[in-house]
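> turn this into a structure:
(one chain, ligands or ions: 2)
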Amino acid sequence: MTRHFPFPHPFGWFQVAYPEDIEPGTATALRYWSTDLVLWRDEGGEFHLQDAYCPHLGAHLGVGGKVVGATLECPFHGWTFNGEGSCVQIPYSDKVNRKARLRTYPVVVRNGMVMVWRHPDEIEPQWEIPEIPEMGDAAWSDSYRSSYLIKTVPQEMAENGVDPAHFRYVHGTDEVAEMESYNTEGPISTMLSKQSYVTPRGVTNGRIDVYTYGPGFSKVWFSGIVDAINVATTVPVDDDTTQVRFNFTVRKFEDEKLTSTVADAFVAEINKQIREDTPIWEHKVFLSVPALADSDGPILKFRKWYAQFYAEPMKSDA
Ligand code: FES
Ligand SMILES: [Fe+2]
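Ligands and ions are numbered 1, 2, ... in the order given. Here you go, the predicted structure:
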């Protein structure tokens with residue numbers, strides 16, 4: 001089988017769940033980064049994400065594992081682990097096994113998402129995910145959510161954002177946003193662009209500004225006729241599958257019905273676009289030396305910025 005992409009998993013903050021996906025006092029199995037994981041909430045409501053396999057004899061802690069207070073109990077022989085991954089009790093032994101540890105990932109709940117920091121060398125978080133005050137604000141709609149599993153890697157999906165030319169051909173957009181600037185600073189990239197919208201009352205000028213924090217999180221801010229935000233998160237499931245989630249919110253109009261009509265139209269358009277992009281992403285290859293036109297977007301600048309998120313070598317059999 002040919003591998004289409006040479007990339008290892010990038011490091012950074014990634015969304016693995018919504019807080020409502022899991023009740024306090026319960027545990028569930030997840031799989032991201034080709035790794036089996038257990039996500040659990042202690043009885044105080046705190047979230048914990050750890051590697052799934054019990055270091056004793058390998059049971060999956062997300063399948064039948066029981067939350068007891070602030071610990072997770074293995075379903076196989078009852079060993080318990082705390083939120084830091086230490087073994088805190090072996091019920092049939094006076095001593096704990098200090099070497100028995102679960103790999104533990106830093107977790108924050110922000111903007112109504114469970115975000116996890118993942119670095120292959122377990123290096124501490126190197127940046128933060130910003131608070132987006134509009135999410136959850138009474139003047140803004142509830143989040144409209146959608147999720148897709150796509151046979152590609154996060155970098156390939158993100159490259160779309162700096163590729164204005166594809167909008168006309170893949171998405172049939174007549175008016176393509178005009179890029180004003182694309183800047184990168186550390187793990188953050190900022191793309192500012194102007195977009196004109198054709199309305200029954202003529203052409204209105206608007207903006208689409210995209211703020212990206214590492215490989216897993218971006219905020220797309222639409223303004224002009226309406227103010228709307230789409231927080232898009234991506235997370236690798238395995239070597240060639242990515243989960244993308246959209247969290248869309250629109251500034252409310254006085255008329256509730258208008259708010260939902262506008263939001264529905266936006267959401268339908270965003271979801272249409274991802275369905276149009278999918279067959280391209282799923283069948284393309286990554287060309288490290290692409291043949292570009294002078295008016296193409298800043299593809300190479302984007303790739304150079306993105307390369308900082310790989311701590312492991314590129315795969316050589318790509
Ligand atoms: S495998 Fe988990 S306690 Fe034995
Ligand atoms: Fe696209």
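
> going by C-alpha atoms from here, please, whenever you check contacts or count neighbours.
Noted.

> longest helix in this structure, by residue count?
The residue-count maximum for a helix in the chain (DSSP state H) belongs to helix 256-283.

> run a quick neighbour tally on Gln155.
22 (other C-alpha atoms under 10 Å).

> any idea of the pLDDT on it?
Gln155 is assigned 97 on the pLDDT scale.

> what packs against the host helix or strand of it?
Using DSSP states H and E, Gln155 maps to helix 154-159. With contacts taken as 3 or more C-alpha pairs under 8 Å, 6 or more residues apart in numbering; DSSP states H and E, helix 154-159 sits against strand 228-238, helix 299-306.

> which residues touch that helix?
Here helix 154-159 makes contact (C-alpha atoms under 8 Å, 6 or more residues apart in numbering) with Pro215, Gly216, Thr234, Val235, Pro236, Thr242, Trp281, Phe286, Ile299, Phe302, Arg303, Tyr306.

> let's see 10 Å
5, 7, 9-10, 150, 212, 215-216, 218, 233-236, 240-244, 274, 277-278, 281-282, 284-286, 297-300, 302-303, 306-307, 309 (C-alpha atoms under 10 Å, 6 or more residues apart in numbering).

> equivalent analysis for stretch 179-187, please.
Taking C-alpha under 10 Å, 6+ apart as the rule, stretch 179-187 contacts 12, 126-128, 162, 164, 189-195, 207-215, 297-298, 301-302, 304-306, 308-309.

> any of the residues you listed buried? List them.
Using 16 or more other C-alpha atoms under 10 Å as the burial test, those include 12, 162, 164, 189-195, 207-215, 297-298, 302, 305-306, 309 as buried.

> in helices, which of those residues appear?
Under the assignment DSSP H, the buried ones among the contacts of stretch 179-187 contribute Phe302, Trp305, Tyr306 to helices.

> from memory the last one sits against Gly214, does it?
Think Tyr306. Yes - checked against C-alpha atoms under 10 Å, the pair Tyr306 and Gly214 is within contact range at 7.9 Å.

> shared neighbours of these two, anything?
Contacts common to Tyr306 and Gly214, judged by C-alpha under 10 Å, 6+ apart, are Pro10, Gly186, Pro187, Ile188, Ser189.

> for the first one, grab the count of nearby residues.
Read it as Pro10. For Pro10, using other C-alpha under 10 Å, the count is 25.

> part of a strand, is it?
No - according to DSSP: H, G, I helix; E, B strand; the rest coil, the state of Pro10 is coil, so it is not within a strand.

> surely it touches Tyr32?
No - counting by C-alpha under 10 Å, Pro10 stays clear of Tyr32, with 12.0 Å between them.

> hmm, which helix or strand of this structure has the shakiest average pLDDT?
strand 188-199 (a mean of 88; mean pLDDT, DSSP states H and E).

> who are the packing partners of it?
strand 178-185, strand 202-213, strand 217-223, helix 299-306 (3 or more C-alpha pairs under 10 Å, 6 or more residues apart in numbering; DSSP states H and E).

> recalculate using a threshold of 8 Å.
Against strand 188-199 (3+ C-alpha pairs under 8 Å, 6+ apart) you get strand 178-185, strand 202-213.

> now render these as a markdown table, adding mean pLDDT and distance to ligand 1.
Below are the helices and strands packed on strand 188-199 laid out as a markdown table (pLDDT from 0 to 100; distance: least, C-alpha to the nearest ligand atom, whole Å):
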| stretch | mean pLDDT | distance to ligand 1 |
| --- | --- | --- |
| strand 178-185 | 95 | 44 |
| strand 202-213 | 91 | 37 |
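
> which one of those strands lies nearest to Trp117?
With C-alpha to C-alpha as the measure, strand 202-213 is the member of these nearest Trp117 (12.2 Å).
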